[in-house]
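Student: Okay, here's the prediction I keep looking at, along with the sequence it came from:
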There are 4 protein chains.
Amino acid sequence: MIRVYVSTVIDAPLSTVWKIVRDFNGLPSWHPAAGESRIEDGKANNEVGCVRNFALNDGTGNVRESLLALSDVNHEIVYDMLGGPLPFVDYVATMRFEPVTSDDTTFAVWTAEFTAADGDSEHWQKFVADDVFLGGFQALEQAATGK
Amino acid sequence: MIRVYVSTVIDAPLSTVWKIVRDFNGLPSWHPAAGESRIEDGKANNEVGCVRNFALNDGTGNVRESLLALSDVNHEIVYDMLGGPLPFVDYVATMRFEPVTSDDTTFAVWTAEFTAADGDSEHWQKFVADDVFLGGFQALEQAATGK
Amino acid sequence: MIRVYVSTVIDAPLSTVWKIVRDFNGLPSWHPAAGESRIEDGKANNEVGCVRNFALNDGTGNVRESLLALSDVNHEIVYDMLGGPLPFVDYVATMRFEPVTSDDTTFAVWTAEFTAADGDSEHWQKFVADDVFLGGFQALEQAATGK
Amino acid sequence: MIRVYVSTVIDAPLSTVWKIVRDFNGLPSWHPAAGESRIEDGKANNEVGCVRNFALNDGTGNVRESLLALSDVNHEIVYDMLGGPLPFVDYVATMRFEPVTSDDTTFAVWTAEFTAADGDSEHWQKFVADDVFLGGFQALEQAATGK
């Protein structure tokens, strides 16, 4: 099983960061890999159990992910991957945010557990850690700070 | 500050119990104190941030509560009270469920933290623990088992 | 990776159960598989980082396990396996206890994650779940109730 | 009840920070308020249940605190205050550390809940947040980085 743990500090207050990321249909507004996104079956964006369906900007196809948990208390989102072009099995990911009170910034953690159907665990571990999660956090900081 | 912690074992599988309680608009289907309920502003039942507005069956008025967190992973619901006839300040409550694998039943926990505006902490601690939470769990077991 | 989750209800108060299990050198007093046990290097029984070294009653050898975490708040013990006759790799286990307030009994959870070096995941998953954990909880109840 | 939540980022790897803080008898090596310290009753430094007894450098007396939980997994320490010159009632505090993987530094959180026997909640809230916790973290960073 592949485990990914990526964390960083985002130079914006938690309230600003959380407002951006808690919209489960909002990936295109901040993540560079995500194109057009919609919630399936007419459900609400933050309804636990809803499915987001978004295009990958590299043109390889659409990813479907289901919202498993959302907490405005712990500032946490849990979701799993239902389908798409990536060879991931049993993929479950969690994003979590905590305030850094000493300078009003935000500690951000993104974790995942999954198996790679093609057996290339090393490649996919690095891909998710660097491209999807760390790259995503860098873009999230830009979205949150307007820089 | 008043703290309440009530736990019990419900004689039904977790999947059955969770299906009943995860509907944030579903109190009337199992809790004896709750009458007619609706979700305000046309939001979905399980949309984090939605507000449920339900009548108390004792006729004292309506309670408004906001969904702060919902997890299909941890089988947990967190909500706070926005208004109603009860003299509760900063009331936040959590329901949590775990499977008892040895006999396929469900461990159930209901906790709350709040202050009583009228200063009668002892009365309200006992009221929430016995009438709202333990009484609620007993009724939930009836709803889950059909007995 | 093998995951084990076993839970049950022990017919004794949490304080009684916890007093028995929190002694990291105390397995022989309640677990039927454990014979003579000692803490290595003259450390204390409940010192985080200490290693217990106990004989298996089936005569196959001694198991060495390290205490990773101990909480008198959450009534939780985390440990990993350093060596012994079992073909377990990266074995980390957690015991956790919560009070059942409705009848003053104890909800008990025992979980583990590990890999089987011999590849027989199905066998070892069942062995840990049934023989080590559920059998252990049944013996723990006997130790706690004196029956 | 008074609640304190202070967090910051310490410019040193988690392993370095944790090695310093996990010694429950080690406050004098990093915290500016703590003078000579000993563990009572001949117990080990990291034995859950042990009591540390340390002098305050302002000369007002000795503080006694009990170790309630220690986790090498979550990098977390929980303790309560048994006695001393501060007018704190039911004081329980938690320190927790997580790695910031993007630059190999450490996210640090220190929280407490307590009541002030003299009723001056505002003063003591600020005192614990600024002097004890944030000041402590700044000194911890100096100890961890050698600057």
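Tutor: Cool, the structure landed.

Student: Which strand or helix spans the spatially most central residue of chain A?
Tutor: Nearest to the mean C-alpha position of chain A, by C-alpha atoms, centre = their mean, lies A:Met95 at 6.4 Å. In this assignment (DSSP states H and E), A:Met95 forms part of strand A:88-100.

Student: you'd agree A:Thr16 is in a helix?
Tutor: Yes - A:Thr16: assigned to a helix according to DSSP: H, G, I helix; E, B strand; the rest coil.

Student: how many neighbours does it have?
Tutor: Residues lying near A:Thr16 (other C-beta atoms under 10 Å in any protein chain shown) number 15. Quick note: C-beta positions are derived from backbone N, CA and C, even for glycine.

Student: Please name the nearest non-neighbouring residue to it.
Tutor: A:Ala144 (5.0 Å; C-beta to C-beta, 6 or more residues apart in numbering or on different chains).

Student: residue contacts, the one you found?
Tutor: A:10-12, A:16-17, A:20 (C-beta atoms under 8 Å, 6 or more residues apart in numbering or on different chains).

Student: what separates it from A:Ile77, distance-wise?
Tutor: In this structure, A:Ala144 and A:Ile77 are 16 Å apart, going by C-beta to C-beta, to the nearest Å.

Student: And A:Gly49, by the same measure?
Tutor: 13 Å.

Student: Spell out which parts of chain A neighbour chain D.
Tutor: Chain A has residues A:5-9, A:98-103, A:107, A:109, A:134, A:137 near chain D, with proximity defined as C-beta under 8 Å from any C-beta of the partner chain.

Student: Among those, name the buried ones.
Tutor: A:6-9, A:98-101, A:107, A:109, A:134, A:137 (16 or more other C-beta atoms under 10 Å in any protein chain shown).

Student: which among those gets closest to chain B?
Tutor: A:Glu98 (15.0 Å; C-beta to the nearest C-beta).

Student: Tell me what angle the lengthiest helix in chain A forms with strand A:88-100.
Tutor: Ordering each helix of chain A by length in residues (DSSP state H) puts helix A:135-145 first. With axes from the mean of the first three to the mean of the last three C-alpha atoms, to 10 degrees defining the directions, helix A:135-145 sits at 40 degrees from strand A:88-100.

Student: tell me how far helix A:135-145 is from the chain's mean position?
Tutor: 12 Å (C-alpha atoms, centre = their mean, to the nearest Å).

Student: neighbouring contacts of stretch A:71-85?
Tutor: A:14, A:18, A:21-22, A:24, A:51, A:56, A:60-70, A:88, A:90-98, A:114, B:48-49, B:68-71, B:73, B:78.

Student: Of these, grab the buried ones for ChimeraX.
Tutor: Buried subset of those, written as a ChimeraX selection, criterion 16+ other C-beta under 10 Å:
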select /A:14,18,21,22,24,51,62,63,65,66,67,68,69,70,88,91,92,93,94,95,96,97,98,114 /B:48,49,68,69,70,71,78
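
Student: Apart from its neighbours in sequence, what residue is nearest A:Val128?
Tutor: Nearest to A:Val128 is A:Val4, by C-beta to C-beta, 6+ apart, at 4.9 Å.

Student: And that neighbour, how far from chain C?
Tutor: Using C-beta to the nearest C-beta, to the nearest Å, A:Val4 is found at 15 Å from chain C.

Student: can you check A:Tyr79 too?
Tutor: 20 Å.

Student: for the helix or strand that contains A:Thr8, packing partners?
Tutor: According to DSSP H and E, A:Thr8 maps onto strand A:2-10. Packing partners of strand A:2-10 (3 or more C-beta pairs under 8 Å, 6 or more residues apart in numbering or on different chains; DSSP states H and E): strand A:105-116, helix A:121-126, helix A:135-145, strand D:88-100.

Student: as a whole number, average confidence for it?
Tutor: Summarised as a single mean, pLDDT over strand A:2-10 is 98.

Student: Can you give the distance of that strand from its chain's centre?
Tutor: Worked out by C-alpha atoms, centre = their mean, strand A:2-10 lies 11 Å from the chain centre.

Student: likewise stretch A:19-39?
Tutor: 9 Å.

Student: contacts for it?
Tutor: In contact with stretch A:19-39 (C-beta under 8 Å, 6+ apart) are residues A:45-46, A:50-58, A:67, A:70, A:72, A:75, A:77, A:79, A:95, A:97, A:131-132, A:135-136, A:139-140, A:142-144, B:48.

Student: And stretch A:104-113, by the same measure?
Tutor: A:1-14, A:17, A:90-100, A:128, A:133, A:136-137, A:140, D:7, D:9, D:98, D:100, D:107.

Student: which parts of it are buried?
Tutor: A:105-113.

Student: Contact partners for the residue lying farthest from the centre of chain A?
Tutor: Within chain A, the residue lying farthest from the chain centre (C-alpha atoms, centre = their mean) is A:Ser102, at 26.0 Å. Counting by C-beta under 8 Å, 6+ apart, A:Ser102 makes contact with D:6-9, D:134, D:137.

Student: Which of those residues sits closest to A:Ser121?
Tutor: Lowest distance from A:Ser121 to those (C-beta to C-beta) belongs to D:Val9, with 30.8 Å.

Student: The closest one against A:Val100, yeah?
Tutor: Yes - D:Val9 lies in contact with A:Val100 (C-beta atoms under 8 Å); the separation is 6.1 Å.

Student: So for those two, which residues contact both of them?
Tutor: A:9, A:107, D:107.

Student: got the contact list for the residue nearest to the centre of chain A?
Tutor: A:Met95 neighbours (C-beta under 8 Å, 6+ apart): A:21, A:76-77, A:108-110.

Student: Nearest spatial neighbour of A:Thr8, chain-adjacent residues omitted?
Tutor: D:Ser102 (3.8 Å).

Student: Just the pLDDT at that neighbour, thanks.
Tutor: 98.

Student: could you measure it against D:Val9, distance?
Tutor: D:Ser102 is 11 Å from D:Val9, by C-beta to C-beta.
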